[in-house]
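>>> Provided below are the primary sequence and the corresponding predicted coordinates.
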Amino acid sequence: MSRSKALQYYIIVRVLLAPLMLLTVTTVVFLLLRATPGDPVDAIIGGRAPESAKEELRAKLGLNLPIWLQYLNYMGKLLQLDLGTSIGSRGQSVWEIIGQYFPATVELAVCSMAIALIVGIGIGVISASRPGSYLDIGGRLFGIITYSLPMFWAGMILQLIFAVQLNWFPLGTRFPTTTPAPHTMTGLYTLDSLLSGNLNQFFTALHYLALPSLTLGLLLSGIFERIVRVNLKQTMKADYVEAARARGIPERKILFSHALKNALIPVITVMGLTFASLLGGAILTEVTFSWPGLANKLYDAINARDYPLIQGVLVFFAAIVVVASIVIDIINAYIDPRIKY
């Protein structure tokens, strides 16, 4: 089988497996929510409410039905792309809540990923280009420390230092309440302010975004630093690199024009896996920094036992991770001829 046909077959298989992965995730989420202790009705209206009111709410939510029937009803709505209606958000549909809060999470995730790539690749290249030096040791320490630090602890420490003690950054929101927010076009305040040509709003939004995105980005950068450092060291020992040195090509040109391109190939693969970590880290980041994103809303829904909102947001996040992993796999398959199918 030729490589092009094998690649087409691989893409078709990955796309066909996506619904199966989503089905598995939705089933696990559904069962885990029903297995958790406590009654969601008590969490909504209180344990001292009349039993008649509780039964009425259970019937409204479908919680009085057998669990297999609840599952079939849930999957039937999901096939129609109906994520349901939130219990604790005044009758808002889950899709409306996602549209309202998800742009803040996207803005945080994109900025954090950009910081993680720039810092991680930069330190990885510097470390690998000076093997055995203090820069190499420092790069390894940076990768280990940032990879192992708990997100919530690092977030609280950075808030204490840079927001409370030094008062360099604000906390608790995306934009000051005393200033009109950018006109919503995409929901991303930094981008909306640029599209409207308001640089003051852009720098204000960037100021509020800086500390949470720097925190999450720096903690994720250790992953890319370790990948780049290890792969670049191995690549610098390859035969074609030795041949380039023998031809008298400058070391800097060998590093950036020959070795680095091949060393960055695994980074693309890791990006897909890191994206899932990014969403998980976004939950801790948004809660720690009171960032008004969808992950923070999910945390509130878990505390309130809002079944439809929890299920809807988790399925939405799962769909994003599945699609991102498929796209990354396909891109990696195209750019790396060594991959076999």
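Happy to help now that I have it. Quick caveat, the model's predicted, so the values are computed rather than measured. Numbers count the residues shown, from 1 in each chain.
>>> contacts only, for L218.
Taking CB atoms under 8 Å, 6 or more residues apart in numbering, we find L218 in contact with 115-116, 119, 146. For glycine as for every other residue, the C-beta is placed from the backbone atoms N, C-alpha and C.
>>> against P66, how distant is it?
49 Å (CB to CB, to the nearest Å).
>>> with distance to Y101 and secondary structure added, can I get the contacts of L218 in a markdown table?
Formatted as a markdown table, the contacts of L218 follow (distance: CB to CB, whole Å; DSSP: H, G, I helix; E, B strand; the rest coil):
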| residue | distance to Y101 | secondary structure |
| --- | --- | --- |
| I115 | 22 | helix |
| A116 | 23 | helix |
| V119 | 27 | helix |
| T146 | 28 | helix |
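>>> so can I have CSV of the residues you listed showing distance to G222 and pLDDT?
Shown next, in CSV, are the contacts of L218 (distance: CB to CB, whole Å; pLDDT from 0 to 100):
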residue, distance to G222, pLDDT
I115, 12, 91
A116, 9, 89
V119, 9, 91
T146, 3, 87
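>>> quick check on those: which are buried?
115-116, 119, 146 (16 or more other CB atoms under 10 Å).
>>> quick check, nearest of those to L33?
A116 (31.5 Å; CB to CB).
>>> any idea how far L220 is from that closest one?
Relative to L220, and taking CB to CB, A116 is found at 4 Å.
>>> and for the two, which residues touch both?
Residues touching both A116 and L220 by CB under 8 Å, 6+ apart: T274.
>>> what part of the chain, helix or strand, is modelled with the least confidence?
One helix or strand of the chain scores below all others by mean pLDDT, DSSP states H and E: helix 40-45, with a mean of 70.
>>> right, and the helix or strand after that helix?
helix 51-61 (DSSP states H and E).
>>> then that following helix to PDB, C-alphas only?
What follows is helix 51-61, C-alpha atoms only, in PDB (Å, rounded to 0.1, in the frame of the first residue of the first chain):
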ATOM      1  CA  GLU A  51     -41.000  16.000  50.000                       C
ATOM      2  CA  SER A  52     -43.700  16.900  47.400                       C
ATOM      3  CA  ALA A  53     -41.500  19.700  46.100                       C
ATOM      4  CA  LYS A  54     -38.600  17.400  45.900                       C
ATOM      5  CA  GLU A  55     -40.600  14.700  44.000                       C
ATOM      6  CA  GLU A  56     -41.900  17.400  41.600                       C
ATOM      7  CA  LEU A  57     -38.300  18.600  40.800                       C
ATOM      8  CA  ARG A  58     -37.100  15.000  40.400                       C
ATOM      9  CA  ALA A  59     -39.900  14.400  37.900                       C
ATOM     10  CA  LYS A  60     -39.000  17.600  36.100                       C
ATOM     11  CA  LEU A  61     -35.400  16.600  35.800                       C
END
